[in-house]
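A.B. asks: Could you work out the structure for the sequence below:
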Amino acid sequence: MGAFFDILVRSVFIDNMVFAFFLGMCSFLAVSKTVKTSFGLGVAVTLVLLITVPINYLIDKYLLQPGALSWLSPSLADIDLSFLSLILFIAVIAAIVQMVEMVVERFSPALYNALGVFLPLIAVNCAIMGGSLFMQQRAYDNLGEVTAFALGSGLGWLLAIVGIAAIREKLRYSQVPPALRGVGITFIITGLMGMAFMAFMGFKI
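C.D. replies: Predicted structure coming up:
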């Protein structure tokens, strides 16, 4: 249980998808104008990560890795399908994003309209793909660790986009120089938030 908590905390604060790896920046910058829409997109990204990363872990472990097909037959032990990783990971992500899009449209039309094109673009959000690739690279021992990593990565992205959205809402009442208004000041604040999150690297997890 302690290992799962360590992975979760590390994924949220230390290996934050936005502030440590700068993944998912397009949606992060474009949608983070209001807290409400940012929270909705953050929940959607977290849900997609929570579903796709464990599924891709099972696909990688039982189908793609060298010798993974030995559970079907000893004669298949020499087969290596790892070259199909990217294709299958993308297919799983695209399918899950379509399902999430349909659910949001059905149960929250207002959020669906507010997110606009950025909801289907979750499929090409590099934070989603990065979650599966990091999972593969770090070679977690079991599905529980993978699920903790996926949840932590999603919550970290949610924390980042809601945080920047709250700051941007306050900036409407601030006297920002004209040359920095909009994306300019957002980039500066993102950099400062990234530096702040670097303080968590001193924690021993």
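
A.B. asks: just for this protein, where's the confidence low?
C.D. replies: Within the chain, the segments meeting pLDDT under 70 span 203-205.

A.B. asks: Quick one: the helices in it, in order.
C.D. replies: Taking DSSP state H as the test, the helices found in the chain are 2-9, 25-31, 35-59, 85-107, 109-115, 126-138, 143-171, 183-197.

A.B. asks: Just tell me which of those helices ends up closest to F19.
C.D. replies: With C-beta to C-beta as the criterion, F19 lies closest to helix 183-197 of those, at 4.1 Å. Glycine gets a C-beta too; all of them are placed from N, C-alpha and C.

A.B. asks: export the helices of the chain to TSV and tack on mean neighbour count?
C.D. replies: Rendered in TSV, the data for the helices of the chain read as follows (neighbours: other C-beta atoms under 10 Å):
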stretch	mean neighbour count
helix 2-9	16
helix 25-31	19
helix 35-59	21
helix 85-107	16
helix 109-115	15
helix 126-138	20
helix 143-171	21
helix 183-197	15
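
A.B. asks: Export those helices to CSV and append columns for distance to D78.
C.D. replies: As requested, the helices of the chain are arranged in CSV below (distance: least, C-beta to C-beta, whole Å):
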stretch, distance to D78
helix 2-9, 33
helix 25-31, 41
helix 35-59, 19
helix 85-107, 18
helix 109-115, 46
helix 126-138, 21
helix 143-171, 26
helix 183-197, 44
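
A.B. asks: So for P74, which of those sits nearest?
C.D. replies: Each of these was checked against P74 via C-beta to C-beta, and the shortest separation belongs to helix 35-59, namely 21.0 Å.

A.B. asks: Distance check, L158 against V35.
C.D. replies: Shown here: L158 relative to V35, a distance of 11 Å by C-beta to C-beta, to the nearest Å.

A.B. asks: sorry, that was for F89
C.D. replies: Distance, F89 to V35, by C-beta to C-beta: 31 Å.

A.B. asks: Tell me how far stretch 124-138 lies from the chain's centre.
C.D. replies: 8 Å (C-alpha atoms, centre = their mean, to the nearest Å).

A.B. asks: Which residues does it contact?
C.D. replies: Contacts made with stretch 124-138 from outside it, assessed by C-beta atoms under 8 Å, 6 or more residues apart in numbering, are listed as 15, 17-18, 21, 23-24, 26-27, 45, 48-49, 52-53, 56-57, 60, 85, 89-90, 93, 97, 122, 146, 149-150, 153-154, 157.

A.B. asks: The same query, at a cut-off of 7 Å, please.
C.D. replies: Stretch 124-138 has contacts (C-beta atoms under 7 Å, 6 or more residues apart in numbering) with 17, 21, 23-24, 27, 45, 48-49, 52-53, 56-57, 60, 85, 89, 93, 122, 146, 149-150, 153, 157.
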